[in-house]
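# Here is the input, now give the coordinates:
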Amino acid sequence: MREIEDFTDERLKVWCIHCGAEIADVDSNRDHVPTKSLLTKDLRERGADYDRGEGDDFDYLPQVVVCRQCNSGFSPDENYLLCVLHAVMAGTLYPDPKTNPEAASILRSNRHVVRALKKRPDGQLLLFDDLQPFTLYPDADRVRRVIVKNARGHAYHEIGEPLLEAPDHVAFVPLEQLSAEQREAFESAGTPGELAVWPEVGSRMTVHLLDDHAMVGGWITVEPGRYRYAIDWSGDVTVKSVIWEYLATETRWER
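Residues are numbered from 1 along each chain as shown. This next block holds a predicted model:
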């Protein structure tokens with residue numbers, strides 16, 4: 001992604017968007033939104049080069065400043081979601097290193113997550129290799145926490161709006177489970193033209209709109225095939241994302 005300088009009102013940047021603590025009073029650092037581990041190793045490395053002042057202008061990865069405690073607190077759930085995605089995409093909790101090297105490495109390094117997934121009572125019988133289709137029943141609360149964390153970060157990064165309260169609606173489902181009508185509604189973007197509500201003055205989304213690079217609800221691609229997101233603030237604030245072109249998510253804060 002191309003980095004766009006943020007000129008949002010500094011008074012909106014004084015809190016950690018997750019816990020509400022004043023950033024000036026706590027240890028803080030930069031948090032990647034989306035979760036960096038959801039992207040390929042190549043892009044993560046290029047993003048790190050860009051942060052060091054090297055690399056291409058389009059290797060920027062979106063980041064927001066949050067308190068260090070919140071940032072580290074999300075790590076276990078982010079790692080859990082990564083393992084779930086790899087297992088689902090590979091079709092097994094024990095991928096072949098030759099055909100799925102990344103998934104095999106991640107799951108082999110996180111045997112505690114594999115054991116936790118096998119113990120889920122409603123999915124246990126479906127984890128035997130000779131039963132098809134392969135199905136997992138992950139801990140929905142852990143997945144939801146990561147989705148909300150990323151959605152809150154996207155809203156803050158793009159439209160300069162700190163959403164400190166809990167969202168009113170969170171949903172996630174595999175894209176393939178959506179009907180044609182549901183998929184069309186999910187994928188649809190707003191139409192250009194007069195906006196009833198503009199984003200925060202100086203926010204990155206303002207620049208997108210002025211450059212005709214985005215529209216309300218339009219998709220912003222962090223990495224093709226890995227992660228894209230869209231934000232609609234014309235009424236409520238709704239953040240959608242698609243992870244690995246597999247998992248569709250929607251998080252909404254009502255105004």
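
# So the closest residue to E176 other than its chain neighbours versus R226, what's the distance?
Of all residues not flanking E176 in the chain, Y246 sits nearest, at 7.9 Å (C-beta to C-beta, 6 or more residues apart in numbering). All C-beta spots, glycine's among them, are computed from the backbone N, C-alpha and C. Using C-beta to C-beta, to the nearest Å, one gets 10 Å for the distance from Y246 to R226.

# and E102, which of the three is it?
helix (DSSP: H, G, I helix; E, B strand; the rest coil).

# Tell me how far it lies from A180.
32 Å.

# the more surrounded of those two?
Neighbour tally, E102 and A180, criterion other C-beta atoms under 10 Å: the higher count belongs to E102, 14 against 7.

# Tell me who's in contact with that one.
Neighbouring residues of E102 by C-beta atoms under 8 Å, 6 or more residues apart in numbering: K41, H86.

# related to what we said a few turns ago, the residue nearest to E176 contacts A87, doesn't it?
No - Y246 sits out of contact with A87 when judged by C-beta atoms under 8 Å, with a separation of 11.8 Å.

# which of these two has more neighbours?
Taking Y246 and A87 together and counting by other C-beta under 10 Å, A87 has the greater number of neighbours (24 against 13).

# and that one, what element?
helix 75-90 (DSSP states H and E).

# Touching that helix from outside, list them.
Outside of helix 75-90, the residues that reach it under the criterion C-beta under 8 Å, 6+ apart are 35, 37-38, 93, 95, 100, 102-104, 106-107, 110, 113-114, 116-117, 134, 136, 138-139, 142-143, 145-146, 149, 243-244, 246-247.

# Please pick the buried ones from those residues.
35, 38, 93, 95, 100, 103-104, 106-107, 110, 113-114, 117, 136, 138, 142-143, 145-146, 149, 243, 247 (16 or more other C-beta atoms under 10 Å).

# just so I have it, where are all the strands in the chain?
Taking DSSP state E, the strands of the chain run over residues 28-32, 63-67, 169-174, 219-223, 227-232, 237-243, 247-253.

# Enumerate the beta-bridge partners assigned to V239.
In this entry, V239 is beta-bridged to I231, T251, by DSSP bridges.

# neighbours of it, just the number please.
If we define neighbours as other C-beta under 10 Å, then V239 has 27 of them.

# hang on, it packs against E250?
Yes - because the distance of 7.5 Å satisfies C-beta under 8 Å, V239 is recorded as touching E250.

# where along the protein do the helices fall?
Defined through DSSP state H, the helices belonging to the chain, from first to last, are 41-51, 68-73, 75-90, 101-108, 111-119, 140-159, 180-187, 204-210.

# Buried deepest among these, which one?
With neighbours defined as mean count of other C-beta atoms under 10 Å, the helices of the chain peak in mean count at helix 140-159, which reaches a mean of 22.

# so how far is T99 from the nearest residue to N110 once chain neighbours are set aside?
Setting aside the residues directly before and after it, N110 is nearest to C83 in space (C-beta to C-beta, 6+ apart), at 5.1 Å. For C83, the distance to T99 under the criterion C-beta to C-beta works out to 18 Å.

# can you check H32 too?
Taken as C-beta to C-beta, the spacing of H32 relative to T99 amounts to 29 Å.

# now do A180
With distances taken as C-beta to C-beta, A180 is found 32 Å from T99.

# Sketch out the low-pLDDT regions of the protein for me.
Residue ranges of the chain with pLDDT under 70: 4-12, 120-133, 189-217.

# follow-up on the earlier one: mind listing what the residue nearest to E176 touches?
With C-beta under 8 Å, 6+ apart as the criterion, the residues that contact Y246 are L85, V88, M89, P174, L175, E176.

# Look up phi and psi at it.
Dihedral angles phi and psi of Y246 (degrees, to the nearest 10) take the values phi -120, psi -50.
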